[in-house]
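>>> one predicted model, sequence on top.
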Amino acid sequence: MNPYLEIIRPGNAIMAIIAVILMGFVGHDFSIALILGMLATFLALGGGNAINDVFDVKIDSINKPTRPIPSGRIKLKTGKIYSLGLMAAAIIVGGIISIIVNHFGPVLIVIGACILEYFYARDLKSTVLIGNISVGLLTGLCFLFGGVIIGCENGNIQIIKISLALAFFALLMTTAREIVKDSEDIEGDKKEGARTFPIVYGKKPSAYLAASLIIIDTILCPLLYVYHIFSITYMIIVAIAMILFFYSAYSILKDQSTENCAKISKFLKIGMIIAFIAFALGSLI
């Protein structure tokens, strides 16, 4: 793979774009502004992934020596310029979107996301819980971004409220998954001097926290049907995700081994993908 494409981790950036696309389904709107929103999301997340590699160069030189920067395929200075360039491009596209929809909301969200990505990579990643919440917030912002674009363009306040609700769900579940992933990576993180929640407080309290967030998020899922945000189709599909979520919460409380944490992390990701499908189909059928 081309190193400049590899460093932005296109798979992760595409997942973020899916959140924006989902708001298009929910709002029944795929205007030029929303399409540009997908581009801005890809550029911003790509820049965030790249700057993460810049600040992780010492760690990656040991753990991931084949990554573009430690392998020498991209120089450190070039990687930093490239990452900041992607973020700047995202902000420019965000500015264009704000001009189209005649509201400063979209560009402010892009600027806020880029700032958070930079400080997450530099300072927040290895801090107790703040790094986990930061990732959850960035995931939630993707939904909010799409909702704000559609809402500002069409004067639809309801779609913005819906995007806030979906952002909240994404924040809780992503934060929970990040805590589980930290429990999975606890030994390696200790060697790197990180101060994650599992390192500071232990795996058991981390399991209780992650399970609590998962259960709260899952219990609230039906509200999106009860308040007529999505159709019964949503409930039928999201029920599958809810089973995975409840099982994940039960399993992480029972077993905090590295192997089980890795399994639960995958289950949560699959559950979130199913929930995304439920959002889309629940707004159409």
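All right, it came through fine. Numbers count the residues shown, from 1 in each chain.

>>> give the residue spans of the stretch 151-285 of the chain that score low on pLDDT.
Within the stretch 151-285 of the chain, the segments meeting pLDDT under 70 span 192.

>>> helices of this structure, start to end?
Assigned by DSSP state H, the chain shows helices spanning 3-6, 10-27, 32-55, 57-63, 76-101, 105-119, 130-154, 157-184, 186-191, 197-201, 203-220, 223-226, 232-254, 258-284.

>>> tabulate these (CSV), appending distance to residue 70 and mean neighbour count.
For glycine as for every other residue, the C-beta is placed from the backbone atoms N, C-alpha and C. Output for the helices of the chain, formatted as CSV (distance: least, CB to CB, whole Å; neighbours: other CB atoms under 10 Å):
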stretch, distance to residue 70, mean neighbour count
helix 3-6, 11, 15
helix 10-27, 19, 20
helix 32-55, 9, 23
helix 57-63, 4, 14
helix 76-101, 9, 19
helix 105-119, 20, 20
helix 130-154, 22, 24
helix 157-184, 22, 22
helix 186-191, 16, 14
helix 197-201, 24, 19
helix 203-220, 29, 19
helix 223-226, 43, 15
helix 232-254, 32, 19
helix 258-284, 24, 20
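
>>> I'd like those as TSV, with distance to residue 69 appended.
Below are the helices of the chain laid out as TSV (distance: least, CB to CB, whole Å):
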stretch	distance to residue 69
helix 3-6	9
helix 10-27	17
helix 32-55	5
helix 57-63	5
helix 76-101	5
helix 105-119	16
helix 130-154	21
helix 157-184	22
helix 186-191	19
helix 197-201	26
helix 203-220	30
helix 223-226	41
helix 232-254	33
helix 258-284	25
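
>>> these two touch, right, residue 154 and residue 29?
Yes - if you go by CB atoms under 8 Å, residue 154 and residue 29 touch, sitting 6.7 Å apart.

>>> which neighbours do these two share?
Shared contacts of residue 154 and residue 29 (CB atoms under 8 Å, 6 or more residues apart in numbering): none.

>>> so for this protein, the centremost residue is which one?
Of all residues in the chain, the one closest to the mean position by CA atoms, centre = their mean is residue 139, 2.8 Å from it.

>>> pull the contacting residues for that residue.
16, 19, 170-171, 174.

>>> which single one of those residues is nearest to residue 145?
Within the contacts of residue 139, proximity to residue 145 (CB to CB) peaks at residue 19, which comes in at 8.0 Å.

>>> so for the closest one, what's the pLDDT?
Residue 19 is assigned 90 on the pLDDT scale.

>>> which residues does the nearest residue to residue 68 once chain neighbours are set aside contact?
Closest residue to residue 68 apart from its sequence neighbours, by CB to CB, 6 or more residues apart in numbering: residue 3 at 3.8 Å. Contact analysis of residue 3 by CB under 8 Å, 6+ apart lists 68, 71, 73-74.

>>> between those residues, which is nearest residue 240?
Nearest to residue 240 among the contacts of residue 3, with distances taken as CB to CB, is residue 68, at 37.6 Å.
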